[in-house]
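# 3D, please:
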Amino acid sequence: MSSNEVTTWHHGLIAQWWANFNVDGPEVAFFRADVAAGQPALDVGCGTGRLLVPWVADGLDVDGVDPSADMIEACRSAVGEVTGVDREPLLVVQPVHQLDLPRRYGMIVMCGSFGLGGSRDQDLEGLRRIRSHLRPGGVLALDFQVNEFDRDRWREWQPRPVDDTPPPAADRRLGRDGFEYALRHRVTAIELDAGRVTRELQAWQWRDGELVAHQTHPLVANVYSREQIVAALTQTGFSEISVVGGYHGGEPTGREEFLVYRAVVR
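Predicted structure coming up:
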């Protein structure tokens, strides 16, 4: 993988799927208080605007960045549908390890995007870039799935052959844009020593029952333990690192699917 290459599936039909169906979730309200208190804020890996658009609609000063031009285009379109916006957000196509924006922020949110698309060195560089974009006293909040990489479970993993047969009508969803969509996921590679998983997502699109598009995109994901994320934040210059349960904000109970990490720039 080259120093600039980012391998994510958030393009084309998959970006259209996100724009149609990935439009809410508990993260929107959970991170909102941090964003409101830390304005101006930056949504790293903003995608199609699931978090950013409702924050902008609430009058918050939030910019967004994402490595996918298709995602940013959909986000910009969604922002354009919001009325009464005093300031349009800056929306930029950039991978996090190349983050280079003209503003500095009091709050940066990285929801569902840490460890995606690149190498572990790029993940560290991304944290350094984020730190350089925070004002003194600024806060980074990122979430990460718990136990995504279970070594015992993945040792038993066997590759599943690709199936490009279009899903039946019962597995399709009608989008707001009038198209029907379906997705199919599989894991294509496990690198235990590297802590990396490669996945594949197929997407289909129909119009009036006729198949009009089919695309396949890969995603490389680096998987981290709680201790490794805290170490990465420490290594890249953050301090006052805390870990809370997602998305209730209290002490982790061991039953959460996600943990949220907060770190401060001094």
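# with only the CA atoms kept, save the host helix or strand of Ala19 in PDB.
With secondary structure defined by DSSP states H and E, Ala19 is part of helix 12-21. The C-alpha trace of helix 12-21 is given here as PDB (Å, rounded to 0.1, in the frame of the first residue of the first chain):
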ATOM      1  CA  GLY A  12     -20.400   5.000  -6.000                       C
ATOM      2  CA  LEU A  13     -23.500   3.000  -5.200                       C
ATOM      3  CA  ILE A  14     -22.300   2.500  -1.600                       C
ATOM      4  CA  ALA A  15     -22.200   6.200  -1.100                       C
ATOM      5  CA  GLN A  16     -25.700   6.400  -2.500                       C
ATOM      6  CA  TRP A  17     -26.800   3.700  -0.100                       C
ATOM      7  CA  TRP A  18     -25.300   5.700   2.800                       C
ATOM      8  CA  ALA A  19     -27.100   8.900   1.600                       C
ATOM      9  CA  ASN A  20     -30.400   7.000   1.500                       C
ATOM     10  CA  PHE A  21     -30.400   4.800   4.600                       C
END
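# list the buried residues for it?
Of all the residues in helix 12-21, those buried under the rule 16 or more other C-beta atoms under 10 Å are 12-20. In short, each C-beta sits where N, CA and C put it, glycine included.
# contacts for the least confident helix or strand in the chain by mean pLDDT?
Least confident helix or strand, the chain: helix 151-155 with a mean of 78, by mean pLDDT, DSSP states H and E. Contacts to helix 151-155, defined as C-beta atoms under 8 Å, 6 or more residues apart in numbering, come from residues 190, 192, 197.
# okay, buried residues for the helix or strand just after the helix holding Ala19 please.
Going down the chain from helix 12-21, the next helix or strand is helix 26-37, by DSSP H and E. Across helix 26-37, burial judged by 16+ other C-beta under 10 Å covers 27-28, 30-32, 34-36.
# tally of neighbours for Pro168?
Residues lying near Pro168 (other C-beta atoms under 10 Å) number 8.
# contacts only, for it.
Contacts of Pro168 (C-beta under 8 Å, 6+ apart): none.
# how close does it get to Val109?
For Pro168, the distance to Val109 equals 38 Å [C-beta to C-beta, to the nearest Å].
# with Arg87 instead?
18 Å.
# neighbour count winner among the two?
With neighbours defined as other C-beta under 10 Å, Arg87 and Val109 compare such that Val109 has more, 30 against 12.
# could you look up the SS state of that one?
At Val109 the chain is in strand, as set by DSSP: H, G, I helix; E, B strand; the rest coil.
# for it, give the beta-bridge partners.
Bridge pairing for Val109 (DSSP bridges) gives the partners Asp43, Ala141.
# from Leu127, how far out is it?
Val109 is 14 Å from Leu127, by C-beta to C-beta.
# equivalent analysis for His214, please.
Distance, His214 to Leu127, by C-beta to C-beta: 36 Å.
# which one's more surrounded, these two?
More crowded of His214 and Leu127, by other C-beta under 10 Å: Leu127, with 24 against 14.
# phi, psi for the more buried one please.
phi -60, psi -40 (degrees, to the nearest 10).
# list the buried ones in stretch 112-122?
Applying 16+ other C-beta under 10 Å to stretch 112-122 flags 112-119, 122 as buried.
# and the furthest pair within these?
Using C-beta to C-beta, the pair of those lying farthest apart is Gly112 and Ser119, separated by 18.8 Å.
# enumerate every residue touching the closest residue in space to Glu73 that isn't next to it in sequence.
In space, and not counting its chain neighbours, Glu73 is closest to Ala15: 7.9 Å by C-beta to C-beta, 6 or more residues apart in numbering. For Ala15, the contacting residues are 48, 68, 70-71, 73-74, by C-beta under 8 Å, 6+ apart.
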